[in-house]
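**Q** Have a look at this prediction, sequence included:
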Amino acid sequence: MQTSARNQLSGEVVAFTRGSVNDEVVLRTTDGLDVAAIITHGSSLSLDLAIGKAAIALVKASSVLIMVDTSAAQVSARNCVGGVVKAITKGAVNSEVIVEAPGGAQIASIITNNSVERLNLSVGKPATAVFKASSVLIAVDA
């Protein structure tokens, strides 16, 4: 599988809640990170999702926000990955920020250079990568 999504998190489905329109899927990555996704019921059926099935969670880096000095309890997004800043790559306008969770999972985010400065981000500083469950795509091997 080839994709432009910067965040590709492999694992298996550990929780699955069916709805009439949307389903909630929780994927546990090989690094022990739980990622929640909200996908259409039709997509769940076509992917034949079930607990124990191998899958990949895909998240565009531009869909990931970075927080500092804030608790996951203060945001409505389901996916809050706490860790430390592993790398910052600055561009002309935006920067790529990599947050590494304690288990080793890495989440890439694209934020403005202004935000990097305002948040006082630097390598080794604690930070949280935040993304909504509706921003997560689920893929399976065909």
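**A** On my side now, so go ahead.
**Q** Name the SS class of residue 44, please.
**A** On the three-state scheme (DSSP: H, G, I helix; E, B strand; the rest coil), residue 44 is labelled helix.
**Q** Show the contacting residues for it.
**A** For residue 44, the contacting residues are 16, 18, 23, 25, taking CB atoms under 8 Å, 6 or more residues apart in numbering as the criterion. Every C-beta, even on glycine, is put in place using the N, C-alpha and C of the backbone.
**Q** mind redoing it with 6 Å?
**A** For residue 44, the residues meeting the contact criterion (CB atoms under 6 Å, 6 or more residues apart in numbering) are residue 23.
**Q** Renumber starting at 128 from here on
**A** Okay, residue one is now 128; in that scheme the one you just asked about reads as residue 171.
**Q** Ramachandran coordinates for residue 139?
**A** Residue 139 has phi and psi values of phi -140, psi 150 when expressed as degrees, to the nearest 10.
**Q** ok, it touching residue 181?
**A** Yes - counting by CB atoms under 6 Å, residue 139 sits close enough to residue 181 to count as a contact (5.3 Å).
**Q** Just to check, residue 236 is in contact with residue 224?
**A** Yes - the pair residue 236 and residue 224 passes the contact test of CB under 6 Å, sitting 4.8 Å apart.
**Q** Name the residues contacting each of those two.
**A** residue 193.
**Q** Quickly find the element holding residue 178.
**A** Element membership of residue 178 [criterion: DSSP states H and E] is none; it lies in no helix or strand.
**Q** That one: what's it in contact with?
**A** If you count contacts by CB under 6 Å, 6+ apart, then residue 178 has 140, 143 around it.
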